[in-house]
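**Student:** no letters, just coordinates:
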């Protein structure tokens, strides 16, 4: 899930401080997520994108996701304008490990990504 949201005017530094505190205190980890990112938009730093990536095998119920998101939004309500939020979900590519290789499975060709150096001989 990606959430694009506007930072309240003059609150960029405070947002960074709050995010750092959350990270140090291990708050708002979103059950089942394997990665959580907050990106500042290069073209318009007044916008940030929050990316939450769940493990498909540990995806919580929608009600849990919504409750955790609601708590997170409340914590950042003074620095982010949630009325501007745009939500997007994406379908993941499936990756399987086969020995030292990872195989990305999706419609179309299968791509082999090696995790170890290959000989050019």
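**Tutor:** Nice, I can see it. This is a predicted model, so every value here is computed, not measured. Numbering: from 1, shown residues only.
**Student:** now the helices for the chain?
**Tutor:** With DSSP state H as the criterion, the chain has helices at 12-24, 62-75.
**Student:** wait, which of these is closest to residue 86?
**Tutor:** helix 62-75 (13.6 Å; Cβ to Cβ). Any C-beta I mention is one placed from the backbone N, CA and C, and that applies to glycine too.
**Student:** before we move on, back to that, mind putting the helices of the chain into CSV with distance to residue 31?
**Tutor:** Formatted as CSV, these follow (distance: least, Cβ to Cβ, whole Å):
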stretch, distance to residue 31
helix 12-24, 15
helix 62-75, 6
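**Student:** wait, which of those is closest to residue 88?
**Tutor:** Using Cβ to Cβ, the nearest of those to residue 88 is helix 62-75, at 13.6 Å.
**Student:** what residues of that closest one count as buried?
**Tutor:** Buried positions in helix 62-75, judged by neighbour count with 16 or more other Cβ atoms under 10 Å: 65, 68-69, 72-73.
**Student:** quick one: which two of these are the most distant?
**Tutor:** Using Cβ to Cβ for every pair in the buried residues of helix 62-75, the one that comes out farthest apart is 65 and 73, at 12.2 Å.
**Student:** what's the domain layout of this structure?
**Tutor:** 2-88, 93-121 (automatic domain parsing).
**Student:** quick check: which of these is buried the most?
**Tutor:** Stretch with highest mean neighbour count among the domains of the chain: domain 2-88 (a mean of 14; mean count of other Cβ atoms under 10 Å).
**Student:** between the two ends of that domain, how far is it?
**Tutor:** End-to-end distance for domain 2-88, by Cα to Cα, to the nearest Å: 5 Å.
**Student:** would you pull up how far it lies from the middle of the chain?
**Tutor:** 8 Å (Cα atoms, centre = their mean, to the nearest Å).
**Student:** give the rounded mean pLDDT of it.
**Tutor:** For domain 2-88, mean pLDDT is 93.
**Student:** ok, now which ones touch the residue nearest to residue 36 when sequence neighbours are not counted?
**Tutor:** Leaving out its chain neighbours, the residue that sits closest to residue 36 by Cβ to Cβ, 6 or more residues apart in numbering is residue 52, at 5.6 Å. With contacts defined as Cβ atoms under 8 Å, 6 or more residues apart in numbering, residue 52 is in contact with 1-3, 30, 33, 35-36.
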